[in-house]
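Participant: next one to model:
(3 chains)
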Amino acid sequence: MFDFLHELTPEQKKAATIVDGPLMIIAGAGSGKTRVLTHRIAYLIATGISPRNILALTFTNKAANEMKQRIHKLLSSSDAYAVWAGTFHSMFLRILRTEHERLSLAENITIYDTDDTLRRIKYILKEFGLDEKQYNPNYVAHRISEAKMKLLGPFEYLNHSQIQAEDRARRVPQLGTIYQTYQHQLQLSNALDFDDIIYYTYILFNNHPDLLEKYSQIFRYILVDEYQDTNEAQYQILKLLTTYHQNICVVGDDAQSIYAFRGANIKNILNFQKDFPSATIVKLEQNFRSTGIILEAANHVIQQNKKQLQKKLWTNNPTGQPITLIKALDEVHEAEEVVSRLFHSKNTFQTKNGDFTILYRTNAQSRPFEDALRKMNIPYKVYGSLSFYNRKEIKDFLAYLKLIINPHDEEALLRVINYPTRGIGDVTINHLIQLARKENTSIWNILLRLNNISHALPAGSVIRLNGFKNLIQSFQESKFDHLYELAMHVYKKSGMRQDIESLNEEEKLSRSQNIEELINSIQSFEQSFTFENFKAPTLADYLYTISLITTGDNTPSEEEDHVKLMTVHAAKGLEFPIVFIVGLEENLFPLSYLELTDPDNIEEERRLFYVALTRAQRKVFLSYAQTRFRFGDRIATAPSRFLREIPQHLFEQTQKYPSPAETTVHKTIIAKNQNSSTSKHHIPPEEIAPIEHILPGQQVLHATFGKGYVESIEGEGERKRAVVVFDSVGKRILVLKFARLKILS
DNA sequence: CTCCTCCCTTTTTTT
DNA sequence: AAGGGAGGAG
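Facilitator: As a prediction, the model looks like this:
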C-alpha cells in the first residue's frame, strides 16, 4: 500500500510520513522537495485521510497542478484532484467568494492588478490636489501594500504613531488618508487588490470564530511550500487555521528567499521552532540535481551571506563540466556569444533546444537574446512576462467583460466609458465622479439614476451616458451558450472592433491578432474548465482565473522543443539541464537601484544568484557585457562581484578572473581579451584588420562566426558597419569597431 | 469634445 | 525607445 515510499531516502521518508503535529522541512536546492511533498500527500491519503481535508499552498498554480498529477500517478486514484491545492491567492479567493456575505462583499468581486491600483492612486492624488512628485504613486502603492501585508487597515494605519511619524518625516503626511480613500473606493467598486485577498481572509477568520472553526475542520492537514517567501499576513492566517490541530507542515529554504520586496518575512522560517515549540525539524541536504562543480560554486557563493540557517548541501553526482565564463562587448554581442555557444553545444552533444535555459535579472534583458535566437532560427519562448495582459487593447477588452459581472468597478468603467470615443469627455466624466462622491456611491449607480438627476448634466451628455449604460446592460442580459461567443459579441458591439479596424495596417494587425488570441484562449479555457469541473465556467470563473495567473502558468506543450528564457525569479522551483546566467554585472546583478551598501539588499541579490546557479543540472555558463545600453545611453559596466565569489578552479582554465578594474580598460585591450574567452577561430590581435581596410567583396574571418563574404559597407566613423554573409550563420550586420575581422583575400 | 504634438519618465523582481 | 500625460488648436 505504501510501496511508493521506497523511492525515498531515509530522511525524505521521515519528512513524508510524520503525519501529526508541526513539521518543518528545510529542503536545500535540488534535494527532492517536490518529491517529498507529493509523496507526503499521497501518504496522508493512503492512511485514510480524506483529500478534502488537505490544503496544499504552493507558489504557482502550475506547481499545484503538477503536484496533483503526480499524486494521481502514485495512488492511481483520482482522489488527488480533491486536494485543495493552489496559491495562497487562488485558495483564499475561493473562500472569500463563498463567504462574501460575512464581509459585506458583493458576490461578483473584481480583482485589481498592480496597474489598476496605480491608476486608482493617481485619480485619488488628483482629487486631493496632491503633487505626484511629492506623493510618488509607486511609493504610495508600495506603502499601502506593505501595510496590508502587515495586517494594518486604514484605521490602524492612521492610529499608528510610528507610521504617522515616518510619513511626516518623509513629507507624505496624507498617506494614511489616501489609503483610507483608496480602500473606500475599492469597496464601492466591489474590488479587491492582491493584498486584500490575503488581508480580508485574515479578517474573515479573525472576526468570525464560527468560520475559523469551519475551515479548521476542513483543512485538517496544511502544507506550505516555499515557506521562506510567506509574509506576515499569510503567517497569521496559518497560525489561526492551525490553532486547533497544529497539523502544519512547512517546506522551505532560507537560502532561497528572494521575495523580500513583496513582503516576504524570512523570520517566518527562522522562527518556526519558536512559534511551534513541539515542531519536528527535518533537513534535506543531499542534492540530486546538480553536478559537483555547480554545487561547489553555489555553496561558495551562499557562504558569503551572514544571515542563514546552518546546513551543508552535498551530492553524490559526478563532478561534471567546469563553468564557462563569457565576456562580451555589449548586450548584443553577449546574446550572440551565448546563442553561438548554445548552437555549438547543441550540435556537438546532440542536445535538444529544450535543454537550454537563459536566465536574467530583469525582463528588459530578454530582447537581444530573442533577436539572436531568431536570427539563428532556434525556437524559443519567453516565460513569465505577463505583458500580454498589460496590452492596452487587452485591458480595454477585459474592462468590458469585467463590467458585465461587476458594473460598479470604477476602474473598468472609466477605462471604457469613452473608449471607443462616444462623446463622453472629461467634463462629463468629472461631473459624474463628483455626483458619485457626493452620494457616496458608485458611478454605475449614478448612471442607473440618471433620469432622476439629469438636470445636473446637459441633455446631450445624458443621452450619450444612457447609451453607454444600455450597452453594458445589453451585454449583461445577452444569452450565449459559450463565453467566447459572448466575448465576440462584446468585441463587435462595443465598437472596439470598428475602432481597431480603422487603425493603420501595422497597429490593426497586431491589435486584432491579440484580441483574437484572447478570444481563442477563452475558448480553450472553457474546454479545460468543463473537462475538470464537469460544468461550464461562468464569466466570473474566467476573469478570476486570469486575474490570478502566475508566471509559470503559460505552459507550452512539451513537444515543442524550444529554448527557455525567463527571469531568475520566474525560474524558482524549476530545474534545467543547461543554464546560461547572463548580465552578470555590477548594478544589474546585483541590481542597484537603491543602496548596494545595505547588506540586506546584497544578501537578497546573492540568494537570487544562488537560486539561479542551483537551477542547473549539468552545465552552467555565466556571461557579462562590458558596456550596456541603459536609459538611452551606452555605459561602461563592471563584472559582477558574484563572479569573484566562485572559486577560480571551477572555471574553464583558459579563462581569467574578471577584475573590478577591468571596466576602465580601453577598448583595444578589451578586444584582445575578447579572443581568449569566446572565439572558436583564434585571431591574434596583430592580424585584426584596421576598420578602413575592410571593403566589399573581401573574404574575412570572424572569431565566432568563422569565414564570410563582405557584401557591403555602411555608415561612417564609429558607426561604420559591414554586412557580411557567413558560411555558418548567414547574413550579419557587424559594427566594425567591435567586429575584429581578419582579411583572408 | 477630439486630436495632435511635445515632453517626460521609465528599468526590479510578482501575486 | 516608447508610451503616457499635459497642453493647446480646431
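
Participant: for stretch A:276-295, C-alpha coordinates in PDB please.
Facilitator: Taking C-alpha atoms only, stretch A:276-295 is exported to PDB below (Å, rounded to 0.1, in the frame of the first residue of the first chain):
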ATOM      1  CA  PHE A 276       5.500  25.900  17.200                       C
ATOM      2  CA  PRO A 277       7.600  24.600  20.100                       C
ATOM      3  CA  SER A 278       6.600  20.900  19.500                       C
ATOM      4  CA  ALA A 279       7.800  21.100  15.900                       C
ATOM      5  CA  THR A 280       9.900  18.400  14.300                       C
ATOM      6  CA  ILE A 281      12.700  19.600  12.000                       C
ATOM      7  CA  VAL A 282      13.900  17.500   9.100                       C
ATOM      8  CA  LYS A 283      16.800  18.700   7.000                       C
ATOM      9  CA  LEU A 284      17.200  17.500   3.400                       C
ATOM     10  CA  GLU A 285      20.800  18.200   2.500                       C
ATOM     11  CA  GLN A 286      21.600  15.800  -0.300                       C
ATOM     12  CA  ASN A 287      21.300  17.400  -3.700                       C
ATOM     13  CA  PHE A 288      20.200  15.200  -6.500                       C
ATOM     14  CA  ARG A 289      20.100  17.800  -9.200                       C
ATOM     15  CA  SER A 290      23.400  19.300 -10.000                       C
ATOM     16  CA  THR A 291      27.000  18.300 -10.700                       C
ATOM     17  CA  GLY A 292      29.700  18.600  -8.000                       C
ATOM     18  CA  ILE A 293      31.100  21.700  -9.700                       C
ATOM     19  CA  ILE A 294      27.800  23.600  -9.800                       C
ATOM     20  CA  LEU A 295      27.100  22.700  -6.200                       C
END
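
Participant: run a quick neighbour tally on the closest residue to DNA strand B within chain A.
Facilitator: Per CB to the nearest atom of the strand, the residue of chain A with the smallest distance to DNA strand B is A:Gly425, at 2.1 Å. Any C-beta I mention is one placed from the backbone N, CA and C, and that applies to glycine too. Neighbourhood size, A:Gly425 [other CB atoms under 10 Å]: 12.

Participant: surely it meets A:His431?
Facilitator: No. Using CB atoms under 8 Å as the test, A:Gly425 is too far from A:His431 to be in contact (10.1 Å).

Participant: now do the same contact list for the residue in the stretch 201-350 of chain A that DNA strand C sits nearest to.
Facilitator: Residue nearest to DNA strand C within the stretch 201-350 of chain A (CB to the nearest atom of the strand): A:Glu331, separated by 11.7 Å. A:Glu331 makes contact with A:Gln365, A:Pro368, A:Gly583, A:Ala625, A:Arg628, A:Phe629, according to CB atoms under 8 Å, 6 or more residues apart in numbering.

Participant: which pair of those residues spans the longest distance?
Facilitator: Maximum pairwise distance among those (CB to CB): 12.1 Å, between A:Gly583 and A:Phe629.

Participant: follow-up on the earlier one: quick one: contacts for the closest residue to the residue of chain A closest to DNA strand B other than its chain neighbours?
Facilitator: Residue nearest to A:Gly425 in three dimensions, not counting chain neighbours: A:Asn418, with 7.0 Å by CB to CB, 6 or more residues apart in numbering. A:Asn418 makes contacts with A:Ile424, A:Gly425, A:Ile429, as judged by CB under 8 Å, 6+ apart.

Participant: which ones among these map onto helices?
Facilitator: Counting by DSSP state H, the part of the contacts of A:Asn418 found in helices is A:Ile429.

Participant: looking at the contacts of A:Asn418, which is nearest A:Ile111?
Facilitator: For the contacts of A:Asn418, the nearest to A:Ile111 is A:Ile429 (23.7 Å; CB to CB).

Participant: wait, that closest one touches A:Tyr419, no?
Facilitator: No. Judged on CB under 8 Å, A:Ile429 makes no contact with A:Tyr419 at a distance of 11.7 Å.

Participant: and A:Gln321, how many neighbours?
Facilitator: A:Gln321 - counted by other CB under 10 Å - has 15 other residues nearby.

Participant: need the next SSE after the helix or strand of chain A with the lowest mean pLDDT, C-terminal direction.
Facilitator: Sorting the helices and strands of chain A by mean pLDDT, DSSP states H and E puts helix A:667-678 at the bottom, at a mean of 31. Proceeding N to C from helix A:667-678, the next assigned helix or strand is strand A:699-702, under DSSP states H and E.

Participant: that following strand pairs with which strands, and in what direction?
Facilitator: The pairing partners recorded for strand A:699-702 under DSSP bridges are strand A:706-714 (antiparallel), strand A:742-743 (antiparallel).

Participant: who's in contact with it?
Facilitator: A:681, A:683, A:689, A:694, A:707-710, A:724, A:726, A:734, A:739-745.

Participant: list buried residues within the residues you listed.
Facilitator: The neighbour count (16 or more other CB atoms under 10 Å) marks A:683, A:689, A:694, A:707-710, A:724, A:726, A:734, A:739-743 as buried among those.

Participant: ok, the residue of the stretch 201-350 of chain A closest to DNA strand C to A:Thr315 distance?
Facilitator: 34 Å (CB to CB, to the nearest Å).

Participant: all helices for the stretch 251-400 of chain A, in order.
Facilitator: Secondary structure of the stretch 251-400 of chain A (DSSP state H, counting those that start in this stretch): helices located at A:267-270, A:272-275, A:292-303, A:331-349, A:366-375, A:387-390, A:392-405.

Participant: pull out the buried positions in the second one.
Facilitator: Applying a neighbour-count criterion of 16+ other CB under 10 Å, the buried positions in helix A:272-275 are A:Phe272, A:Asp275.

Participant: now the first one
Facilitator: Neighbour counts over helix A:267-270 (16+ other CB under 10 Å) mark A:Asn268, A:Ile269 as buried.

Participant: stretch A:523-543 too?
Facilitator: A:Phe525, A:Glu526, A:Phe529, A:Pro537, A:Leu539, A:Ala540, A:Asp541, A:Tyr542, A:Leu543.

Participant: contacts for it next, please.
Facilitator: A:81, A:108, A:110-111, A:398, A:401-402, A:404-405, A:482-484, A:486, A:522, A:545.

Participant: filter these down to the buried ones and hand me the PyMOL line.
Facilitator: Only the buried entries of the contacts of stretch A:523-543 go into this PyMOL selection, using 16+ other CB under 10 Å:
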select buried, chain A and resi 108+110+111+398+401+402+404+405+483+484+486+522
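
Participant: run through the contacts of stretch A:523-543 and flag the ones next to DNA strand C.
Facilitator: When CB under 7 Å from any atom of the strand is applied, no member of the contacts of stretch A:523-543 is adjacent to DNA strand C.

Participant: A:Glu107 in helix, strand or coil?
Facilitator: coil (DSSP: H, G, I helix; E, B strand; the rest coil).

Participant: now it. Nearest residue, chain neighbours left out?
Facilitator: A:His100 (5.6 Å).

Participant: show me the contacts for the one you found.
Facilitator: Applying CB under 8 Å, 6+ apart, the residues contacting A:His100 are A:Ala106, A:Glu107, A:Ile109.

Participant: quick one, which of those are buried?
Facilitator: A:Ile109.

Participant: between the contacts of A:His100, which is nearest A:His455?
Facilitator: A:Ala106 (30.0 Å).

Participant: now the closest one: how far from A:Arg361?
Facilitator: Per CB to CB, A:Ala106 is found 41 Å from A:Arg361.

Participant: and for A:Tyr43?
Facilitator: From A:Tyr43 to A:Arg361 the distance is 39 Å (CB to CB).

Participant: show me what contacts A:His245?
Facilitator: A:Ser216, A:Arg220 are the contacts of A:His245 under CB under 8 Å, 6+ apart.

Participant: from the contact counts, what lies against the host helix or strand of A:Thr34?
Facilitator: Element membership for A:Thr34 (DSSP H and E) is helix A:33-46. If you count contacts as 3 or more CB pairs under 8 Å, 6 or more residues apart in numbering; DSSP states H and E, helix A:33-46 packs onto helix A:10-17, strand A:23-27, strand A:54-58, helix A:61-75, strand A:221-224, strand A:248-252.
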